[in-house]
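Enquirer: below is the structure, and that's it, no one-letter string:
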């Protein structure tokens, strides 16, 4: 009875902290995540971080998705071009006047909950506090504000596939067919990248040759030098019977002039890419060691196949960015399943944490630190309001912060302040409903 009373007291303390303020709640829940992990801890921790996130500067793609929703809201013929990710906030807006950023809050909470659930599962098998600290550090350094809030749709689909891989791993392939069907239907309605993950997963089930995986990354790096030509040769194969118009569209998709192609990358991005490639190769090496023990480990083989694809896409800007993000998400299962078997954190794993920290700081502050400066006024015109919004989670009670319509990035606020994505539908601003 005493233990139950203590547990309930911890639970009540975390609930109380969440009601008072999300930053306070984050600190309290993080403490209990280390000491006395529970489902309550990770639910409150996920919601606390997500609530703070939606008050940080509105990111590029989130703003664009908002305007796509606005376009569908007042031009119903375009609603069929949207995926489930956009259909949900569209329905909630029409039916209950729920704000777009409120839905983003729930999306982000769900993403974070998946991550912390996986952490919670592996943490119980850790053989030392040192390993537990590694698990927590790796998790938090993998959760990057820009990735979650700017690439929210891609990140949500990728997190769903991470959940599928986790269930596949934990359930020891039981229900795998049911999982893959259900997750495929849902994931494809969010982002088409899910299809590529499914294909790689199926392929990984059929390739178990250790030599193949040893040479695979180096072959992919070499092929990346000719990636554009290889793509075009593949798409031009007679067996595919691709029409000239479609082929020209594909060619444009991979051209240097297209936003998905080999666009200009500055010195900061090049340095970040070098750090990430080193990280990928270290994690890849750990995966090879794992395959020596178990050549049938599908999750590891899938992660290695994705690593090779990421190396192949080195010359592309947005494609590399998205699939390297996916690789670091999925590598959590490979890393965690290895580290929990150890009592001490070796130099190999320490180097991973150091590189992850550098990557975390590089992305959040060096490359995307612009969102916190006056230069971001090109996206959010009123810098004073942006700064005022950022500090609200420091002192506003949670109940007020949850009222996005009155205190946060409401639909009206975004329509007046944000310029990113406005080209999707410019005339919607004249609609009296948003005045």
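Expert: Arrived safely, thanks for sending. What you are looking at is a predicted structure, and each value in this text was computed from that prediction instead of being measured.

Enquirer: residues contacting the residue nearest to residue 60 when sequence neighbours are not counted?
Expert: Leaving aside its sequence neighbours, residue 60 sits nearest to residue 420 (C-beta to C-beta, 6 or more residues apart in numbering; 5.1 Å). The way it works is simple: take the backbone N, C-alpha and C, and place the C-beta from them, glycine included. Taking C-beta atoms under 8 Å, 6 or more residues apart in numbering, we find residue 420 in contact with 58, 60, 63-64, 67, 379.

Enquirer: just the ones in helices from those, please.
Expert: 60, 63-64, 67 (DSSP state H).

Enquirer: and the helix or strand where residue 89 lies, what does it pack against?
Expert: For residue 89, the element it lies in under DSSP states H and E is helix 84-96. Under the contact criterion of 3 or more C-beta pairs under 8 Å, 6 or more residues apart in numbering; DSSP states H and E, helix 84-96 touches helix 60-74, helix 100-123, helix 152-170.

Enquirer: out of those helices, which is closest to residue 390?
Expert: Among those, helix 100-123 comes nearest to residue 390, with 14.1 Å by C-beta to C-beta.

Enquirer: may I have the predicted confidence score for the closest residue to residue 89 other than its chain neighbours?
Expert: Once flanking residues are discounted, residue 89 sits nearest to residue 103: 4.0 Å by C-beta to C-beta, 6+ apart. We have a pLDDT of 96 for residue 103.

Enquirer: same question, residue 426
Expert: On pLDDT, residue 426 comes in at 57.

Enquirer: repeat for residue 128
Expert: If you check residue 128, the pLDDT there is 90.

Enquirer: next, the angle helix 152-170 makes with the helix or strand where residue 302 lies.
Expert: Assigned by DSSP H and E, residue 302 belongs to helix 298-312. Counting by axes from the mean of the first three to the mean of the last three C-alpha atoms, to 10 degrees, helix 298-312 lies at 150 degrees to helix 152-170.

Enquirer: tell me the contacts of the residue nearest to residue 390 when sequence neighbours are not counted?
Expert: In space, and not counting its chain neighbours, residue 390 is closest to residue 56: 5.9 Å by C-beta to C-beta, 6+ apart. Applying C-beta under 8 Å, 6+ apart to residue 56 gives the contacts 145, 149, 371, 389-390.

Enquirer: what two of the residues you listed are the furthest from one another?
Expert: Among the contacts of residue 56, the pair separated by the greatest distance (C-beta to C-beta) is 145 and 389, at 14.3 Å.

Enquirer: shaky segments in this structure?
Expert: Counting by pLDDT under 70, the ranges of the chain that qualify are 1-8, 73-81, 171-175, 227-266, 423-435.

Enquirer: show me where the stretch 101-250 of the chain has helices.
Expert: Applying DSSP state H, counting those that start in this stretch to the stretch 101-250 of the chain gives helices spanning 129-142, 145-150, 152-170, 176-188, 193-204, 210-224, 227-235, 244-253.

Enquirer: tell me which other helices or strands the shortest one touches.
Expert: Taking 3+ C-beta pairs under 8 Å, 6+ apart as the contact definition, the neighbouring helices and strands of helix 145-150 are helix 39-53, helix 60-74, helix 100-123.

Enquirer: mind giving me CSV with those and columns for distance to residue 292?
Expert: Listed next are the helices and strands packed on helix 145-150 as CSV, based on distance: least, C-beta to C-beta, whole Å:
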stretch, distance to residue 292
helix 39-53, 33
helix 60-74, 40
helix 100-123, 21
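
Enquirer: may I see the ones you listed arranged in JSON lines, with distance to residue 186 and mean neighbour count as well?
Expert: Output for these, formatted as JSON lines (distance: least, C-beta to C-beta, whole Å; neighbours: other C-beta atoms under 10 Å):
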{"stretch": "helix 39-53", "distance to residue 186": "19", "mean neighbour count": "22"}
{"stretch": "helix 60-74", "distance to residue 186": "18", "mean neighbour count": "22"}
{"stretch": "helix 100-123", "distance to residue 186": "12", "mean neighbour count": "21"}
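
Enquirer: of these, which is nearest residue 189?
Expert: Nearest to residue 189, of all the helices and strands packed on helix 145-150, is helix 100-123, at 13.6 Å by C-beta to C-beta.

Enquirer: how big is the angle separating the closest one from helix 39-53?
Expert: On the basis of the same axes, to 10 degrees, helix 100-123 is oriented at 140 degrees to helix 39-53.

Enquirer: domain ranges for the protein?
Expert: Annotated domains of the chain cover 1-124+380-435, 127-367 [automatic domain parsing].

Enquirer: which residue is nearest the centroid of the protein?
Expert: Central residue of the chain (C-alpha atoms, centre = their mean): residue 155, 3.1 Å from the mean position.

Enquirer: mind listing what's buried in stretch 271-281?
Expert: Residues of stretch 271-281 classed as buried by neighbour count (16 or more other C-beta atoms under 10 Å): 272, 276-277, 279-280.

Enquirer: about what we covered before: what is the nearest of the ones in helices among the contacts of residue 420 to residue 340?
Expert: Closest to residue 340, out of all of these and judged by C-beta to C-beta, is residue 60, at 37.3 Å.

Enquirer: could I get the buried residue list for stretch 352-372?
Expert: Buried residues in stretch 352-372 (16+ other C-beta under 10 Å): 352, 355-356, 358-360, 362-364, 368, 371-372.

Enquirer: try stretch 211-218
Expert: By neighbour count on 16+ other C-beta under 10 Å, the buried set for stretch 211-218 is 213, 216-217.

Enquirer: could you do stretch 391-408 as well?
Expert: Buried residues in stretch 391-408, counted by 16+ other C-beta under 10 Å: 393, 396, 398, 401-402, 404-405, 407-408.

Enquirer: adding distance to residue 183, write the residues you listed out as a markdown table.
Expert: Putting these into a markdown table (distance: C-beta to C-beta, whole Å) gives the following:
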| residue | distance to residue 183 |
| --- | --- |
| 393 | 33 |
| 396 | 37 |
| 398 | 32 |
| 401 | 32 |
| 402 | 30 |
| 404 | 29 |
| 405 | 33 |
| 407 | 36 |
| 408 | 31 |
